[in-house]
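>>> Would you be able to build a 3D model of this:
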Amino acid sequence: MNEHRLKALLVSVGTCLMIGFCLVPFVWMIAVSISKHPDFLGSTTFSATLRNYIDVATIRSLHFLDYLRNSLIVSATVAFACAMMAASAAYAVSRLHFKGRMTVSLGVLALSMFPQISLIGYLYKLMRSAGLINTYPALILPYIAWTVPLGFWILLSYISRIPHDLDDAAIADGASRGLVFRKIVLPVAAPGLFSAMLLIFISAFNEFLFALMLTTDHNARTVPVGIALFQGLHGEIPWGYIMAASTMASLPLILLAIAFQQYVIRDITRGALKG
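Got it, this is the predicted structure:
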């Protein structure tokens with residue numbers, strides 16, 4: 001076996017092992033979710049059923065659909081608002097040569113390193129004094145502050161690659177900075193914008209600590225906390241329900257990743273002035 005074939009074989013084996021390592025938890029989750037008995041490994045037969053999915057979607061005491069609705073509303077709002085704020089900040093830092101712009105960028109990065117657990121006590125007091133506990137704003141506002149640094153650094157790298165000649169040409173024709181940003185920079189940076197929105201959406205959708213501390217019932221509670229509290233509702237661990245709910249909660253993220261794939265993998269390094 002020559003060196004080229006050996007390298008191809010090793011790459012193929014490594015790829016298969018990595019894919020298997022990543023997919024095993026999802027396969028296990030789906031297997032448990034469709035099993036009549038979660039402890040099916042100790043049984044000689046495996047009986048498949050969709051009863052867990054039907055129960056999760058129809059039993060009102062579980063409130064799974066309420067949790068899913070809350071997660072979608074909060075995450076979508078955060079993704080859009082945060083992406084717009086991050087894009088504006090990234091454009092200002094990359095185009096406006098003001099004193100201390102790198103300090104601002106590094107400061108945003110430094111603030112994002114504070115652990116959530118160090119902030120949740122003060123955040124809870126603030127939200128309680130404002131009367132926002134168990135409301136959407138109680139989650140949306142902290143999530144925006146938490147994910148803005150992520151969106152800012154993603155979009156800063158995209159927008160910095162856009163040639164300044166586009167801005168100069170538009171400004172020479174009488175366009176304002178705001179018009180240049182809306183009509184030129186945002187369309188050209190669309191792949192980066194969609195990438196940032198997708199990552200922000202996933203981060204907000206999966207967040208647990210803030211949602212646990214700042215919500216009290218199904219009116220504002222999100223999916224991660226709702227699924228974690230299935231145990232308290234039944235006095236035991238209902239693995240079938242937990243895995244069925246987890247599978248259903250993963251679908252929006254999978255569909256979004258598939259829908260935005262063409263934007264995320266687009267060749268963003270090509271010259272904006274080409275053609």
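
>>> Can you give the domain ranges for this structure?
3-51, 58-264 (automatic domain parsing).

>>> Tell me which of those sits most buried.
Greatest average neighbour count among those goes to domain 58-264 (a mean of 17), per mean count of other CB atoms under 10 Å. Glycine gets a C-beta too; all of them are placed from N, C-alpha and C.

>>> returning to what we had before: could the domains of the chain go into JSON lines alongside mean pLDDT?
Listed next are the domains of the chain as JSON lines, based on pLDDT from 0 to 100:
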{"stretch": "domain 3-51", "mean pLDDT": "83"}
{"stretch": "domain 58-264", "mean pLDDT": "87"}
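
>>> Tell me which residue lies nearest the centroid of the protein.
Most central in the chain under CA atoms, centre = their mean is I202, positioned 1.4 Å from the mean C-alpha point.

>>> Not counting residues beside it along the chain, what's closest to it?
L253 (5.8 Å; CB to CB, 6 or more residues apart in numbering).

>>> can you tell me how far F194 sits from A8?
33 Å (CB to CB, to the nearest Å).

>>> any residues touching stretch 62-71, and which ones?
Residues outside stretch 62-71 that contact it (CB atoms under 8 Å, 6 or more residues apart in numbering) are 55-57, 136, 205, 218-227, 230, 233, 241, 245, 248-249, 252.

>>> Make sure A220 is indeed in a helix.
No. Membership of A220 in a helix is not supported by DSSP: H, G, I helix; E, B strand; the rest coil, which gives coil.

>>> Which residues are in contact with it?
Contact analysis of A220 by CB under 8 Å, 6+ apart lists 70, 134-136, 138-139, 214.

>>> for the closest residue to L193 other than its chain neighbours, helix, strand, or coil?
Nearest non-adjacent residue to L193, counting by CB to CB, 6+ apart: A83, 5.8 Å away. Here A83 is helix, with the state taken from three-state DSSP.
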